[in-house]
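S.K.: just to be clear, the model below is a prediction. Sequence and coordinates:
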Amino acid sequence: AQSVTQPDIHITVSEGASLELRCNYSYGATPYLFWYVQSPGQGLQLLLKYFSGDTLVQGIKGFEAEFKRSQSSFNLRKPSVHWSDAAEYFCAAYTGGFKTIFGAGTRLFVKA
Amino acid sequence: GAVVSQHPSWVICKSGTSVKIECRSLDFQATTMFWYRQFPKQSLMLMATSNEGSKATYEQGVEKDKFLINHASLTLSTLTVTSAHPEDSSFYICSARDVATGGEKLFFGSGTQLSVL
């Protein structure tokens, strides 16, 4: 079955430290992959996307993600976290048929 | 980028009343819109796919008579929670595809927090 897994329910990092949020997908082919961020009480904002080509994609707010086919992963990274990055992050995969599958989300806490 | 406007942002209503939530694509035409429900600290649960000019497609377990969806134009879809009860309290989010740019990207509304007393 098609699925998107985010193994970490929540992560806490210190401000200025690096961040990596994990995402694994299960799908027969390579789906289109996305990372979204959701602030409390808000909708989702697209951070970045991978369709094809260069496996390292750059997004907004200093985020990047690397697609690794061998690991079926699409991990989100940021070299230096800011307090304003505290939010819920969702990995998603578009597998065609107008359906997008979301992971369960990872809550990021940033400590001073 | 494409903008999706969702209104209202939050609503409090009495049990038994109906609530309408609007989702508008402001600068693109959306033949397909999606409605999600999100419980606290959980991911988005797709409720239904709204297709312009035709009936919505509901996911398994979602009561279509409870959650009425209308997509009468290319820029507007509405979700009406009929005879709302406290268990319907949730965060509802809509999204839309901009087919003109490929259709794979979703643009989300800002969500509606529904509280049923």
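M.R.: That came in fine, so what should we check first?

S.K.: the helix or strand that contains B:A48 - what's its average pLDDT?
M.R.: Applying DSSP states H and E as the criterion places B:A48 in strand B:44-51. For strand B:44-51, the mean pLDDT works out to 90.

S.K.: next: stretch A:44-52.
M.R.: 88.

S.K.: just stretch A:104-112 next, same as before
M.R.: The predicted model gives stretch A:104-112 an average pLDDT of 94.

S.K.: so which bits of the strand holding B:A48 are buried?
M.R.: Neighbour-count burial for strand B:44-51 flags B:44-51 (criterion: 16 or more other Cβ atoms under 10 Å in any protein chain shown). In short, each C-beta sits where N, CA and C put it, glycine included.

S.K.: lowest-confidence helix or strand of chain A?
M.R.: Sorting the helices and strands of chain A by mean pLDDT, DSSP states H and E puts strand A:100-102 at the bottom, at a mean of 84.

S.K.: next SSE downstream of that one?
M.R.: Where DSSP H and E defines the elements, the next helix or strand beyond strand A:100-102 is strand A:106-111.

S.K.: hmm, that next one in reach of chain B?
M.R.: Yes. Applying Cβ under 8 Å from any Cβ of the partner chain, one finds strand A:106-111 touching chain B at A:R107.

S.K.: report all helices and strands that that strand contacts.
M.R.: Counting contacts by 3 or more Cβ pairs under 8 Å, 6 or more residues apart in numbering or on different chains; DSSP states H and E, strand A:106-111 packs against strand A:10-14, strand A:19-21, strand A:87-94.

S.K.: one more pass at 7 Å, please.
M.R.: Packing partners of strand A:106-111 (3 or more Cβ pairs under 7 Å, 6 or more residues apart in numbering or on different chains; DSSP states H and E): strand A:10-14, strand A:87-94.

S.K.: and the closest residue to B:M45 other than its chain neighbours, what are its bridge partners?
M.R.: Leaving out its chain neighbours, the residue that sits closest to B:M45 by Cβ to Cβ, 6 or more residues apart in numbering or on different chains is B:R37, at 5.0 Å. On the basis of DSSP bridges, B:R37 is bridged to B:M45, B:Y92.

S.K.: hmm, B:R37 is touching B:S89, no?
M.R.: No. B:R37 is beyond contact range of B:S89, at 10.4 Å (criterion: Cβ atoms under 7 Å).

S.K.: for chain B, see how far away A:Q45 is.
M.R.: With the distance defined as Cβ to the nearest Cβ, to the nearest Å, A:Q45 ends up 7 Å from chain B.
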